[in-house]
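the following block contains a protein sequence and its predicted model.
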Amino acid sequence: MNDIDTLLRDTLRERADDAPAGTGLTGRVQARSRRLRTRRRAGALGAAGLFLVVAAIGGQAVLRGIPDGPTVPGHPSGPPPSGPPPSGPAAGRSVAPEPSPVRVVLAPPSYTLPDFPFTPPAWAAEPFGPGRVRFEDGEVTMRHTAGPAGAGSIVVFVTGRAPEPRSAPDRPIAREPVTVRGIAGTRYTEPGSDLVYLAWPEPDGRWIVVTGDRVPAVDLLRYAEDLVATAVPVPAPFEFAWLPRGAAPTRVEPSVMEFQVSNGSLVVSLGPPVPAAERAGWTHRVGGRPASLERDPPVEVGLTVALDSGRTLRIEGRFLDVSDADLVKLAEGIRVTPAATPGG
Amino acid sequence: VAGSFEEFVVSRGAALLRFAYLITGDRHLAEDLVQEVLARVHLRWDRIEHAPTAEAYVRSALVRQNISWWRRRSARGERTVAEVPETPDGHSTEQAVTARDEMWSLLATLPRRQRTVLVLRFYEDLPDDRIAALLGCSPVTVRVQTSRALARLRAALAVTDEATTDEVRR
């Protein structure tokens, strides 16, 4: 075992202690399972009246609101594990039907990213890490999740509808009225959980949900009160001359941008350097730079470009029917912005 | 035999949360991931409870759900190496803590599949064939992914070391 192996093993063992404790997990899972069952039954019946019930119980707006327990508003309700338990090497493969690849036609981009409506208080950077604005699944969030190990974290969501908390039977969520920024809001807590939520409506109809993980309620309220009503733009790490026509951003992070293209997706990211030995085998060229193109038809295509900075630009398409030439053209039209390299 | 669903969650829930946290790097997402997968498993528990591989099935579902990034609606993405904390001089214990913090940050820069392979190998201590079964790929692919992930970590650590050395020289 070498030093990297040892460091990796020690790091994982140490960090495992920071995992959520799982208090009340059984109740939350059972409550979530009941909602799933309700949705599936309603989906099978397909009755209009039931649809309304389902929308009220487990629809998009509700999922984006205060969830049952520590679930973060806006988090996924993604693909289910399908089929029976695994019994061999094929275990883990999904049997869900996959969409057909989307034929890509390149066009100048036409999207606009929204701003986060507040500037966070400067003091929050010290215990919780600096606030980072991200665009996630059509919503802007402010995340303070880069504090030192063991520190709490704060994530702020801006949603379109009032949150609707759902309690597990054995862990009822406590609600208490609270005035936030002069507005009547609600604080949600759950016994045995490290998470506290604050929610209030803004005059423009949007709801702000501030979630604190291991953050005292008084500090969370102070954070909400100290938000300054000055918008912060989403820092985009890349600018594009070309994108697949109809590409709509679904995720913008410091070094990643993800787009939905019909049923497919495109992810552009800035990664660490690739070892020279691996780069030596790269035969493609993008703007004169060495590049590697891999295809796993019909689902995935990937293009990795070695940048002058030493880092790598990675483009991944999934369920996209795109030619090598168009992929190279797309890559050549990408400019890495200063926002992509904090401190750089 | 796994027994009742409640017994399974009570006895294995904490371990599943630790695993989910290590492959996601995010407490919020780990909790959500485990809840979502267990809720779906609950619906078909009558078919799973007598299987000797119930926990492997749940872990496989956690991995699959986490890796299906194109359907993922919200999560931390890969980070740039520029966010890696600097390596300070100082006491060896502090250096060790800093090195682990740095390694944790670097893990966030890896593609999800590579990160998962490392967690399964270095935290769960699973052999290649069992990792391959969990991921639904061949043991050769597991070895390639492991090799690439370690090479990336090694290269990134070397870059950080060089930057620190340059800083000291100034």
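Happy to help now that I have it.

quick check: phi and psi on residue 108?
Let's take chain A. Taking degrees, to the nearest 10, you get phi -60, psi 140 for the backbone angles of A:Pro108.

think we crossed wires, I meant chain B
Torsion angles at B:Ala108 (phi, psi; degrees, to the nearest 10) stand at phi -70, psi -10.

repeat that for A:Ile208.
On the backbone of A:Ile208 - angles per degrees, to the nearest 10 - the values are phi -110, psi 130.

enumerate every residue touching it.
Applying C-beta atoms under 8 Å, 6 or more residues apart in numbering or on different chains, one finds that A:Ile208 lies in contact with A:Pro117, A:Phe118, A:Val156, A:Phe157, A:Val158, A:Thr159, A:Ala199, A:Trp200, A:Pro201, A:Glu202, A:Ala224. For the C-beta atoms, the positions are set from N, CA and C on the backbone; glycine is no exception.

and residue 10, how many residues sit next to it?
Using chain A. Using other C-beta atoms under 10 Å in any protein chain shown, A:Asp10 is surrounded by 15 other residues.

looking at chain B here, not the other one
One way to gauge burial is a neighbour count; for B:Val10, by other C-beta under 10 Å, it gives 14.

tell me the secondary structure for it?
Taken by DSSP: H, G, I helix; E, B strand; the rest coil, the conformation at B:Val10 corresponds to helix.

got the contact list for it?
Listed by C-beta under 8 Å, 6+ apart, the contact partners of B:Val10 are A:Thr26.

quick check, pLDDT for it.
B:Val10 carries a pLDDT score of 83 in this model.

ok, A:Gly185 next?
Listed pLDDT for A:Gly185 reads 94.

related to what we said a few turns ago, for the contacts of A:Ile208, which one is nearest chain B?
Top of the list for closeness to chain B, among the contacts of A:Ile208 and by C-beta to the nearest C-beta, is A:Phe157 at 9.3 Å.

circling back: in CSV, list the contacts of A:Ile208 along with distance to chain B and pLDDT.
What follows is the contacts of A:Ile208, written out as CSV (distance: C-beta to the nearest C-beta, whole Å; pLDDT from 0 to 100):
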residue, distance to chain B, pLDDT
A:Pro117, 18, 94
A:Phe118, 19, 96
A:Val156, 13, 90
A:Phe157, 9, 85
A:Val158, 13, 86
A:Thr159, 12, 79
A:Ala199, 16, 91
A:Trp200, 20, 94
A:Pro201, 22, 94
A:Glu202, 21, 92
A:Ala224, 18, 97
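
any idea which element the most centrally placed residue in chain B lies in?
Closest to where the C-alpha atoms of chain B average out (C-alpha atoms, centre = their mean) is B:Ile23, at 2.2 Å. When secondary structure is defined by DSSP states H and E, B:Ile23 falls within helix B:5-24.

next one: that helix to chain centre, how far?
14 Å (C-alpha atoms, centre = their mean, to the nearest Å).

now do stretch A:10-17
The chain centre lies 23 Å from the centre of stretch A:10-17; the measure is C-alpha atoms, centre = their mean.

sticking with B:Gln145, tell me its helix or strand.
B:Gln145 belongs to helix B:139-169 when assigned by DSSP H and E.

any idea of the mean pLDDT in that helix?
72.

now swap in stretch B:38-56 and tell me
pLDDT averaged over stretch B:38-56 equals 77, rounded to a whole number.

just stretch A:129-142 next, same as before
Mean per-residue pLDDT for stretch A:129-142: 82.

got the end-to-end distance for that stretch?
Stretch A:129-142 has an end-to-end distance of 11 Å (criterion: C-alpha to C-alpha, to the nearest Å).

who's in contact with it?
Outside of stretch A:129-142, the residues that reach it under the criterion C-beta under 8 Å, 6+ apart are A:64, A:74, A:113-118, A:120, A:124-125, A:143-147, A:151, A:153-159, A:232-235, A:249-254, B:73-75.

which members of those occur in strands, if any?
A:143-144, A:153-159, A:249-253 (DSSP state E).

as JSON lines, those with neighbour count would be great.
Written out in JSON lines, the entries for the ones in strands among the contacts of stretch A:129-142 read as follows (neighbours: other C-beta atoms under 10 Å in any protein chain shown):
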{"residue": "A:Arg143", "neighbour count": "23"}
{"residue": "A:His144", "neighbour count": "24"}
{"residue": "A:Ser153", "neighbour count": "20"}
{"residue": "A:Ile154", "neighbour count": "26"}
{"residue": "A:Val155", "neighbour count": "24"}
{"residue": "A:Val156", "neighbour count": "24"}
{"residue": "A:Phe157", "neighbour count": "26"}
{"residue": "A:Val158", "neighbour count": "20"}
{"residue": "A:Thr159", "neighbour count": "19"}
{"residue": "A:Pro249", "neighbour count": "20"}
{"residue": "A:Thr250", "neighbour count": "21"}
{"residue": "A:Arg251", "neighbour count": "22"}
{"residue": "A:Val252", "neighbour count": "23"}
{"residue": "A:Glu253", "neighbour count": "25"}
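
which one of these sits closest to chain B?
When the ones in strands among the contacts of stretch A:129-142 are compared against chain B (criterion: C-beta to the nearest C-beta), the nearest one is A:Glu253, at 4.3 Å.

all helices for chain A, in order.
A:3-16, A:25-45, A:48-58, A:60-63, A:125-128, A:217-226, A:276-279, A:324-332 (DSSP state H).

right, and the residue nearest to the centre of chain B touches B:Arg112 too?
Yes. At 7.4 Å, B:Ile23 counts as touching B:Arg112 under the criterion of C-beta atoms under 8 Å.

got any residues that touch both of the two?
For the pair B:Ile23 and B:Arg112, residues contacting each of them under the criterion C-beta under 8 Å, 6+ apart are B:Asn66.

which stretches of chain A have low pLDDT?
Across chain A, the stretches falling below the confidence threshold (pLDDT under 70) are A:1, A:35-99, A:137-138, A:149-150, A:164-171, A:192-193, A:272, A:296-299, A:341-344.

residue closest to the middle of it?
For chain A, by C-alpha atoms, centre = their mean, the most central residue is A:Glu136; offset 4.9 Å.

give me the neighbour count for the closest residue to B:Phe5 other than its chain neighbours.
Take B:Phe5 and drop its neighbours on the chain: the residue closest to it by C-beta to C-beta, 6 or more residues apart in numbering or on different chains is B:Trp45, 4.6 Å away. The burial count assigned to B:Trp45 is 17, neighbours taken as other C-beta under 10 Å.

relative to A:Arg245, how far out is B:Trp45?
Relative to A:Arg245, B:Trp45 is positioned 45 Å away (criterion: C-beta to C-beta, to the nearest Å).

tell me who's in contact with A:Val336.
Contacts for A:Val336 (C-beta under 8 Å, 6+ apart) come out as A:Pro237, A:Phe238, A:Leu270, A:Leu307, A:Ser309, A:Leu313.
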